[in-house]
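In: sequence plus the predicted model coming up.
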Amino acid sequence: MPDQSFLDWPFFEPRHRELALALNGWCGAHLPVDHGDVDTACRGLVAMLGAGGWLKHSGAAADERLDVRTLCLIRETLARHDGLADFAFAMQGLGMGAVSLFGTPGQQAWLERTRAGTAIAAFALTEPGSGSDVAATATSAKRVAGGWQIDGEKTWISNGGIADVYVLFARTGEAPGARGLSAFLMPAATPGLEIVERLEVVAPHPLATLRMNGMVLPEDALIGTPGEGFKLAMSVLDVFRSTVGAAALGLARRALDEALARVKSRRIQGQALAELQMVQGHLADMALKIDAAALLVYRAAWTKDTGAARITREAAMAKLYATEAAQEVIDMSVQLHGGDGVRHGSTVEALYREIRALRIYEGASDVQRVVIARSVLA
Ligand code: COS
C-alpha cells in the first residue's frame, strides 16, 4: 500500500478517506482481472464495479451532486491496481456525464443503469476531421418529423462497439463553429448506427469508429438546449479532465511502489540500489512529482465540489501536469528496473503502455496549454 498521508490533506472529508480505504481493500480482493479479451474484461469489470457499489459514484441522480473528489479518489485507486478497471469506471462517468449534469428525468433512466453496471456508456465527440478542434464538428443533426436525423462519423470512441448508450455531439446549426452544436442520447440499438472499425492501441481497451447513416433520434434525445452542446461538452470535460489527472496519479504511485521494491531488493557492488545517492535522487524526483500532481488534481476537484461554476483552468493544470509527470515517473521506474522494466508482461511495462494515451485523450497536453495560456492572458 503506497503512502496514504495525502488523505489527511484539507481537501478531504472523513467520507472520502473511508471510501478510499474501502475501495483499496476491494481492489486487493478483485483486481487485476485477466485482460485477454478486452471486450469481455470490460463488460466483466463494469458488472463487478456495479455490484460492488462503486459505479453509483460515476454519476449523480437528480437529487444528488457529482462529487469530483470521489471520482478522483476512485480513479486513482483503481488505476493503481488495474488500468483497465479505471478505464471501465471512467467511461461510465464520462459517457453519462452530460446526462448526470444536464439530463432530464427521462434521460436519467439510462444513468440508473450505468450506475448499477447493467448498461455500458460512451462519449461520442471526436471525429475523423476534428479531434482537438471540437468547434469543427461535422456530424449533422437535422430536425425531421418526430425528431432529429443524424448523419456523420465519430472515431476514437472508447467503449465503441460494446456500449449500450452513447452521448453524441452533432451540428444543429444555430450558428457557425462552437455555437451550433447540440448533445443527444443515442442508444446503441438505434437503427442507422454502424460500427465501422475497431481500433487497436498500445494499451488495449474497446475503441471504435461509428457511422450514423440516416439515423433518427426522438425529440427527447436532445440533452440540454440546442446550440449549447459545445459548452455542455466542455463542462463535462472540466470534471473528467481532473479525473484523468487522478488516473495518471494512480499509475505513477504504482510505478513508485514498484521502483521502491526494486531498489531495496536489487543489489549492485555489494549494496542495495537504494543506497546509491543517484538512485535516491531519482526517487526524490518521483515522489515530488507525485505530490505536486496530487495537489493539482485535488485542488481542482475540491474547487468544483465547493461550488465553483467553472474549473477550466484548474482542470487543465491538473490533467496536463499529472499526465506528463506520471509519464516521467513511470519512465524512471522502467529505467530502475533495467531489462525487467521492458519485459513484456511486467507491471512497469504495462504502466509504460497505459500512461501514454492519457496525454492525448480528453484534450491533448497542448490543448491544456492553450486553455491555461488563455486564462492567464485574459
Ligand atoms: N465550460 C463552459 N463553457 C466553455 C468552456 C468550459 N470549459 N470552454 C469554453 N466555453 C465556452 C466559451 O466561453 C465560449 O462561449 P461564448 O461563445 O459564449 O463566448 C465558447 O464555449 C467557445 O469557446 P472557445 O472560443 O474557447 O472555443 P474554441 O473553439 O477556441 O475551443 C478548445 C477551444 C481547444 C479548448 C476546445 O476545442 C477543446 O477543449 N478541445 C479539445 C477537445 C477534447 O478534449 N477532445 C477529447 C474528447 S474526449 S476523448
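Out: Ah, there it is. Residues are numbered from 1 along each chain as shown.
In: on the three-state scheme, the closest residue to Ala259 other than its chain neighbours is what?
Out: Residue nearest to Ala259 in three dimensions, not counting chain neighbours: Ser333, with 4.2 Å by C-beta to C-beta, 6 or more residues apart in numbering. The way it works is simple: take the backbone N, C-alpha and C, and place the C-beta from them, glycine included. At Ser333 the chain is in helix, as set by DSSP: H, G, I helix; E, B strand; the rest coil.
In: Ser333 contacts Val263, correct?
Out: No - Ser333 is not in contact with Val263 according to C-beta atoms under 8 Å; the separation is 9.8 Å.
In: so how far is Asp3 from the residue nearest to Ala259?
Out: Plainly put, Ser333 is 15 Å away from Asp3 if you go by C-beta to C-beta, to the nearest Å.
In: next: Arg356.
Out: 25 Å.
In: ok, stretch 199-216 near the ligand or not?
Out: No - shown here: stretch 199-216 not in contact with the ligand (C-beta under 6 Å from any ligand atom), separated by at least 10.3 Å.
In: what is the end-to-end distance of that stretch?
Out: 26 Å (C-alpha to C-alpha, to the nearest Å).
In: what mean pLDDT does it have?
Out: Averaging pLDDT along stretch 199-216 gives 97.
In: determine how far it lies from the middle of the whole chain.
Out: Taking C-alpha atoms, centre = their mean, to the nearest Å, one finds stretch 199-216 lying 17 Å from the centre of the chain it belongs to.
In: show me where pLDDT drops low in the stretch 101-250 of the chain?
Out: Judged by pLDDT under 70, the stretch 101-250 of the chain has no weakly predicted residues.
In: tell me which parts of it are close to the ligand?
Out: So the stretch 101-250 of the chain meets the ligand at 123, 125-126, 132-135, 178-179, 230-231, 234-235, 237-238 (C-beta under 6 Å from any ligand atom).
In: I'd like to know which of these are part of strands.
Out: Using DSSP state E, the subset of these located in strands is Phe123.
In: of the residues of the stretch 101-250 of the chain next to the ligand, buried ones?
Out: Among those, the ones that count as buried by 16 or more other C-beta atoms under 10 Å are 123, 125-126, 134, 178, 230-231, 234-235, 237-238.
In: picking that back up, looking at Ser333 and Val263, which is more packed in?
Out: Neighbours were counted for Ser333 and for Val263 using other C-beta atoms under 10 Å; Ser333 has more, 27 against 21.
In: ok, that one to the ligand distance?
Out: For Ser333, the distance to the ligand (C-beta to the nearest ligand atom, to the nearest Å) stands at 26 Å.
In: adjust the sequence numbering to begin at 591 for everything that follows.
Out: Done: numbering now begins at 591, and the last item shifts to Ser923.
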